[in-house]
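> my questions are about this predicted structure, shown below with the sequence.
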Amino acid sequence: MENGEDGRVTYLLDSAVATEPLGDGRYRVDLTSDWDTANKTPNGGYILALLQHATMLEAAPTGHPDPLTIAVTYFRPAHAGAADIRVHQVRRGRRVSTYDALLTQDGKEIAHAVVSAHDWDAAGSTEHLPHAAPEMPPPDVCADLGTLMPGRMVPILDRYTYRAASIPGWLEGAPSGTTESLCWIRAADRRPIDAMLAGAMVDAFPPVTAEIGHLASATIQLTVHYRRRPEIPAGGWALGHVVTRHVIAGYHDEDAELWDEQGRLIAQSRQLAILSE
């Protein structure tokens, strides 16, 4: 978090996704290694935030200021340095508009996103809520996992603060074999949680495959569904429930739910990833 000359706060994620508009849906970005994973490549959630941010710069002026869904396919790893994003409106709808966005670097395609945008203020009112948020002690009585995680060696883990009811087995050298986790999360600089940060957060948890001895994992495809407009103030927490159900031939799924402190569902995601063996 930085204070600019005008006194306004600039958070780390906002600096990391800053774009230079080039016109005609084209943007120049400067990728940073501050969000790298154990694979020494940019975190998939960070790449998603880059693509979503550029897309919403195109979508917001059209009356659809909120992302509804984003589906990203990752072609190859990016690296720190200059890159370009091209955003194209596929369809302008009354309630939902669709865009595609392509991230390129050094003349190579890095990742492609399909983004649906809408306006939460104009959404419907029908709801069916079959279950509540998972039971979890409040963050201030949970264990701070940051003191145990391999920070600095894995930059993405330094971008967030994690709190859990108990220490995960893999962090104590005794993996449990259960590929599921439940923990509180917030940005390390206490940035308010909006849709851009929520999209990055769903991929910010250490892979639950660490509980079967595999920490390093690379995302192949990641889809996020936003379920409301996240409006968590600075310093607020989100609760993440992450589950991997199947690991087959080195590929694993990962489902995540993100809830606010009032027990409201913010976002759901699913990804397919490959373990680094």
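That came through fine.

> so where's this structure uncertain?
1-7, 150-153, 277 (pLDDT under 70).

> now with 80, please.
Applying pLDDT under 80 to the chain flags residues 1-9, 149-153, 277.

> please identify the helix or strand for the most centrally placed residue in the chain.
Residue closest to the mean C-alpha point of the chain, counted by CA atoms, centre = their mean, is residue 200 at 1.7 Å. Per DSSP states H and E, residue 200 falls inside helix 195-201.

> quick check: buried residues in that helix?
195-201 (16 or more other CB atoms under 10 Å). C-beta here means a position set from N, CA and C on the backbone, and glycine is covered the same way.

> sorry, back to before: residues contacting the residue nearest to the centre of the chain?
13, 43, 45-46, 48-49 (CB atoms under 8 Å, 6 or more residues apart in numbering).

> adding neighbour count and distance to residue 133, write those residues out as CSV.
Formatted as CSV, these follow (neighbours: other CB atoms under 10 Å; distance: CB to CB, whole Å):
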residue, neighbour count, distance to residue 133
13, 24, 24
43, 23, 25
45, 28, 21
46, 25, 26
48, 28, 23
49, 25, 24
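
> what about the strands in the stretch 51-200 of the chain?
66-74, 81-91, 97-105, 108-118, 143-144, 160-164, 180-187 (DSSP state E, counting those that start in this stretch).

> how about residues contacting the first one?
Strand 66-74 is contacted from outside by 44, 47-48, 51-52, 55-56, 59, 96, 110-120, 195, 199, 218-226, 229, using CB under 8 Å, 6+ apart.

> please redo it, this time with the cut-off set to 7 Å
44, 47-48, 51-52, 56, 96, 111-120, 195, 199, 219-226, 229 (CB atoms under 7 Å, 6 or more residues apart in numbering).

> filter the residues you listed down to just the buried residues.
44, 47-48, 51-52, 56, 111-119, 195, 199, 219, 222-226, 229.

> list the helices and strands the longest helix anywhere in the chain packs on?
Ranked by residue count and defined by DSSP state H, the top helix of the chain is helix 44-59. For helix 44-59, the packing partners by 3 or more CB pairs under 7 Å, 6 or more residues apart in numbering; DSSP states H and E come out as strand 19-23, strand 66-74, strand 81-91, strand 97-105, strand 108-118, helix 195-201, strand 217-226.

> quick one: which of the ones you listed is nearest residue 138?
helix 195-201 (18.4 Å; CB to CB).

> using CSV, write down the CA coordinates of that closest one.
Only the C-alpha atoms of helix 195-201 are listed here, as CSV (Å, rounded to 0.1, in the frame of the first residue of the first chain):
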residue,chain,number,x,y,z
ALA,A,195,-14.8,-8.1,-7.5
MET,A,196,-11.3,-7.7,-8.8
LEU,A,197,-9.7,-8.8,-5.5
ALA,A,198,-12.3,-11.6,-5.0
GLY,A,199,-11.4,-13.0,-8.4
ALA,A,200,-7.7,-13.0,-7.5
MET,A,201,-8.4,-14.5,-4.1
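
> just how off-centre is stretch 55-70 within its chain?
How far stretch 55-70 lies from its chain's middle: 17 Å, per CA atoms, centre = their mean, to the nearest Å.

> mind listing what's buried in it?
55-56, 58-59, 64-70.

> let's have those in a markdown table, adding distance to residue 249.
Output for these, formatted as a markdown table (distance: CB to CB, whole Å):
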| residue | distance to residue 249 |
| --- | --- |
| 55 | 33 |
| 56 | 36 |
| 58 | 38 |
| 59 | 38 |
| 64 | 39 |
| 65 | 41 |
| 66 | 37 |
| 67 | 32 |
| 68 | 33 |
| 69 | 28 |
| 70 | 27 |
